[in-house]
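>>> Provided below for reference: sequence and predicted model.
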Amino acid sequence: MNLFRAWLSLYSWRYPTVIVYMLQTTEYQPRAYLAWYWQTNDFSRVMHRRALRHTRVAKLLLMAAFGIMGVGISVGLTAIAAWHFGHWTPGLAFGLAAIAAYPIILAHIIVLPLVLGRWLVIQPRERKLVRASAITFKEMQAAKIAVAGSYGKTSMKELLLTVLGEGKKVAATPANKNVAISHALFARKLQGDEDVVIIEYGEGAPGDVARFAATTHPTHAIITGLAPAHLDHYKTLAAAGKDIFSVADALPADHVFVNTESRDTEPFMQDGFMSYSEAGALGWRVHDIKIGIDGTKFTLKKGKKTLHVHSGLLGRHQIGPLSLAAALGDHFGLTPQQIEAGVARTLPFEHRMQPYVLSGAWIIDDTYNGNIEGIRAGTALLKELPGKRKIYITPGLVDQGIETERVHTEMGRLIAAAQPDIVVLMQHSVTPFIKAGLKEAGFAGKLLIEHDPLHFYQNLSLFVATGDVVLMQNDWPDNYR
């Protein structure tokens, strides 16, 4: 029955939409799309967690996909009709073959305009824009802060933008736009009179960070930490670390700020690098920490200077970044009042330790988290917060490469250490490893395995109750098993 359903899914009216959804989910990258396509057995199960976003590109591809489907079926039926009426002897075989093959032909031919368009139009345009942006960045008098790392980059960038913006003219790359063309488009919008420019660096493949640094000419760099991520491209954490730390090669050592709470940064530390952590940053020391669902409070002291910090951000892992943002505010000449006001305006970012109330329960949405350090921070927060029931929900982590089993076993141990009353795991390839970690750590609460994540999340209000504290970490795109 399952095989028959899988076969029928190739000829469903939804099939063209599924194909376009797969392209959209893989960001129109042919290699990733085709790898997913050939790993898929049942296309009726593909749009399982999300739906197609009907952008302009998606609409055009949908028209093309349905058109190709129509041509394939029409050719097949015409050939069969020709055989039936005796006009063409091979018509039956040809017609059946055309109808049988059109799903595969559709799946591959729809990639051609993307490949040709990128090769002939997009890549030449992008190279021209990147070359122009290199001149813009080089001639700019502003302090240029590069933010690199396996995690926490967007949060660090937004922190700096908010705090430094209290006393300086600051510009930052938008959202999580962190690749070369994003930097180039950002450069075109700069006015030239900025005091500080903040540039987030992505890390998709070896050499990326060095190329970004050569284009953007940073004067300072912040390395937010290392953790297994994107290991399908880097293969090892050491290779990812080497690439991320390459941003420091063209900078004075004391202009490189490293999150030393990230233990995997240790092999890459050099003399003169400046550290930041829960203990403080740039000579500022942290005192009197208070953590709650309403945010994070602490005091910073340096000599005779004192700052009283209150942020809407949740968790002890936020203290290091907040301390660095405050310390850089002092470094760039902000007054204590400006720094305190800037920190007070910092709030949780969307899907990153973002709290909200649902059916009387506190939900902490950390679904954009995608690494073991984020899991470490989230589980520590869950343990620290009071709640009638504590519930932890996750599908696991993607892109962990050869570290997959080790990372997810550790994840299970971290979850168990937070002592939640209920753990909900979405059934995926990594679920057995998380369960092994939970068992190893002696988890004594209730464990639930969900096979329909979309249904579970859509009905979360029926699962929680007043007084619960619920932590949801990470998401699992459809193109991962």
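Cool, the structure landed.
>>> residue 192: what secondary structure?
coil (DSSP: H, G, I helix; E, B strand; the rest coil).
>>> so who does it touch?
Going by Cβ atoms under 8 Å, 6 or more residues apart in numbering, residue 192 touches residue 140. The way it works is simple: take the backbone N, C-alpha and C, and place the C-beta from them, glycine included.
>>> again, but for residue 56
Per Cβ under 8 Å, 6+ apart, neighbours of residue 56: none.
>>> with residue 359 instead?
461, 462, 464, 465, 466.
>>> kindly recompute the last result at 7 Å.
By Cβ atoms under 7 Å, 6 or more residues apart in numbering, residue 359 lies in contact with 461, 464, 465.
>>> can you tell me which of those residues is nearest residue 409?
residue 464 (27.9 Å; Cβ to Cβ).
>>> next structured bit after the lowest-mean-pLDDT helix or strand in the chain?
In the chain, no helix or strand scores lower on mean pLDDT, DSSP states H and E than helix 231-234, which sits at a mean of 66. Sequence-wise, the next helix or strand downstream of helix 231-234 (DSSP states H and E) is helix 237-245.
>>> with just CA atoms, put that following helix into PDB.
The C-alpha trace of helix 237-245 is given here as PDB (Å, rounded to 0.1, in the frame of the first residue of the first chain):
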ATOM      1  CA  LEU A 237      34.800  21.400  13.300                       C
ATOM      2  CA  ALA A 238      38.500  22.200  13.000                       C
ATOM      3  CA  ALA A 239      38.000  23.200   9.300                       C
ATOM      4  CA  ALA A 240      35.100  25.400  10.200                       C
ATOM      5  CA  GLY A 241      37.100  27.000  13.000                       C
ATOM      6  CA  LYS A 242      40.000  27.700  10.800                       C
ATOM      7  CA  ASP A 243      37.800  29.400   8.300                       C
ATOM      8  CA  ILE A 244      35.900  31.500  10.900                       C
ATOM      9  CA  PHE A 245      39.100  32.700  12.600                       C
END
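>>> pLDDT below threshold where in the chain?
For the chain, the stretches flagged by pLDDT under 70 are 1, 49, 229-233, 477-481.
>>> most centrally placed residue in it?
Nearest residue to the geometric centre of the chain (Cα atoms, centre = their mean): residue 368, 5.5 Å.
>>> not counting sequence-adjacent ones, nearest residue to that one?
Excluding the flanking residues, the one nearest residue 368 by Cβ to Cβ, 6 or more residues apart in numbering is residue 351, at 4.0 Å.
>>> what's around the one you found, how many residues?
14 (other Cβ atoms under 10 Å).
>>> need the strands for the stretch 201-350 of the chain, in chain order.
Applying DSSP state E, counting those that start in this stretch to the stretch 201-350 of the chain gives strands spanning 220-223, 256-259, 274-277, 280-281, 284-292, 295-302, 305-311.
>>> direction included, what does the shortest one pair against?
Right, the one you point to is strand 280-281. strand 274-277 (antiparallel), strand 284-292 (antiparallel) (DSSP bridges).
>>> mind saving the C-alpha coords of the first one as PDB?
Output for strand 274-277, consisting of C-alpha atoms alone and laid out as PDB, is shown next (Å, rounded to 0.1, in the frame of the first residue of the first chain):
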ATOM      1  CA  MET A 274      40.300  39.900  23.700                       C
ATOM      2  CA  SER A 275      37.900  37.600  25.400                       C
ATOM      3  CA  TYR A 276      34.300  38.100  26.500                       C
ATOM      4  CA  SER A 277      32.200  35.800  28.600                       C
END
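>>> nearest residue to residue 371 other than its sequence neighbours?
That would be residue 227: by Cβ to Cβ, 6+ apart, it lies 3.9 Å from residue 371.
>>> related to what we said a few turns ago, tell me the backbone dihedrals of the residue nearest to the centre of the chain, please.
Per-residue torsions, residue 368: phi -90, psi 0 (degrees, to the nearest 10).
>>> quick check: it touching residue 352?
Yes - counting by Cβ atoms under 7 Å, residue 352 is a contact partner of residue 368 at 5.1 Å.
>>> you'd agree residue 198 is in a helix?
No - according to three-state DSSP, residue 198 belongs to no helix; its state is strand.
>>> pretty sure it is touching residue 157, no?
Yes - Residue 198 is in contact with residue 157 according to Cβ under 7 Å; the separation is 5.1 Å.
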